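Asker: got a predicted structure here, sequence first:
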Amino acid sequence: MSKIPASRALGIFNKLFSLGPPGILPVFSKSFGYMNLAGVLTQLVFPCSPPWYEYTYGMNTPAEYTMPGHPGGLARIDKLFGTDTYTKTFSGSPMVFGAFPSLHSGCAIIQALFISHVIPKSKPFGFAYVMWIWWACMYLTHHYMVDLVGGGFYAVVAFWCAWDYLPSVNKHCRNRWDYIKEKNSVLLTTDNINDNDNLLFDSSKFNNNDEYEIEIATTISEGTDLAALTNSESSSKSNTSIDTIGQSFHEIKLHSSNL
């Protein structure tokens with residue numbers, strides 16, 4: 001977390017919590033944490049100096065861990081406003097030679113990937129945000145291009161590892177509360193259901209010609225054969241059969257495809 005401002009971290013947590021499906025925040029937190037852990041371990045094993053080291057000490061000066069950090073181009077901000085905020089922050093950094101991989105780049109990319117997963121239309125903004133971070137890191141002499149690419153690689157690997165654990169995103173849900181409303185379900189007692197029994201759903205409250213998907217939320221012991229739940233003008237009820245049920249209760253979610 002030392003590589004990313006707390007306000008930016010809280011901002012991404014808030015967006016994922018308020019706009020994403022339940023369960024997205026724990027997946028992001030673990031991915032974010034493991035990516036940073038892997039990045040810091042790499043920086044410790046393979047220390048690399050940032051561009052400001054060359055500009056400040058030159059290429060012939062032996063590097064030592066006793067050397068203080070440097071704000072690089074951010075020193076101009078301190079000079080402009082008459083403060084020493086960035087100078088104090090970077091001078092006291094314990095990771096002076098932690099240029100590769102760039103966790104500035106890694107954090108920006110993993111944020112963009114998760115937000116783009118929750119809000120697909122935000123991909124152009126995510127790309128622009130990453131490019132802005134890359135430009136700032138090089139302009140302020142904190143990273144070389146190879147550092148940024150390396151940080152992006154760590155972020156992509158972390159997101160790829162988290163892919164199978166990501167909750168499904170419903171394009172019809174605009175925020176977390178829409179997902180909570182969607183979880184309203186019908187609990188069906190299945191203690192005495194035989195293989196040939198049918199479960200009846202009252203579909204009179206649904207619009208005609210709408211198609212619905214059925215999702216079983218609890219575990220089914222072997223296999224499930226779910227017929228499509230549809231409405232027709234000639235019937236007010238739709239049937240679906242469930243084979244080999246292993247639980248006494250099942251949560252059925254109805255998702256309209258014509259919303």
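Answerer: It's in.

Asker: output the contacting helices and strands for the helix or strand in which residue 29 is found.
Answerer: Following DSSP states H and E, one finds residue 29 within helix 24-45. Counting contacts by 3 or more Cβ pairs under 8 Å, 6 or more residues apart in numbering; DSSP states H and E, helix 24-45 packs against helix 6-19, helix 103-118, helix 145-162. The C-beta positions use only the backbone N, C-alpha and C, and glycine is treated the same way.

Asker: go with 10 Å
Answerer: helix 6-19, helix 103-118, helix 145-162, helix 176-182 (3 or more Cβ pairs under 10 Å, 6 or more residues apart in numbering; DSSP states H and E).

Asker: just for the stretch 51-200 of the chain, where's the confidence low?
Answerer: By pLDDT under 70, the low-scoring segments of the stretch 51-200 of the chain are 172-200.

Asker: contacts for stretch 70-89 next, please.
Answerer: Residues from elsewhere that reach stretch 70-89 (Cβ atoms under 10 Å, 6 or more residues apart in numbering): 2, 50-53, 55-57, 68-69, 90-91, 93, 96, 136-143.

Asker: using CSV, write out every CA atom in it.
Answerer: Provided in CSV are the C-alpha atoms of stretch 70-89 (Å, rounded to 0.1, in the frame of the first residue of the first chain):
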residue,chain,number,x,y,z
HIS,A,70,14.6,11.3,-3.7
PRO,A,71,11.3,12.8,-4.9
GLY,A,72,12.6,13.1,-8.5
GLY,A,73,10.4,15.5,-10.5
LEU,A,74,8.0,15.9,-7.6
ALA,A,75,10.6,18.1,-6.0
ARG,A,76,9.3,20.8,-8.4
ILE,A,77,5.9,20.5,-6.8
ASP,A,78,7.4,21.1,-3.4
LYS,A,79,9.3,24.1,-4.7
LEU,A,80,6.2,25.5,-6.4
PHE,A,81,4.0,25.4,-3.3
GLY,A,82,6.8,26.0,-0.8
THR,A,83,6.3,22.7,1.0
ASP,A,84,8.4,19.6,1.6
THR,A,85,5.7,17.0,1.4
TYR,A,86,7.1,14.8,-1.4
THR,A,87,10.7,15.4,-0.3
LYS,A,88,10.0,14.1,3.2
THR,A,89,7.9,11.2,1.9
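
Asker: is it true that residue 94 touches residue 67?
Answerer: No: if you go by Cβ atoms under 10 Å, residue 94 and residue 67 don't touch, sitting 11.8 Å apart.

Asker: look at the two and report which has more neighbours.
Answerer: The neighbour count for residue 94 versus residue 67, taken as other Cβ atoms under 10 Å, is higher for residue 67 (15 against 8).
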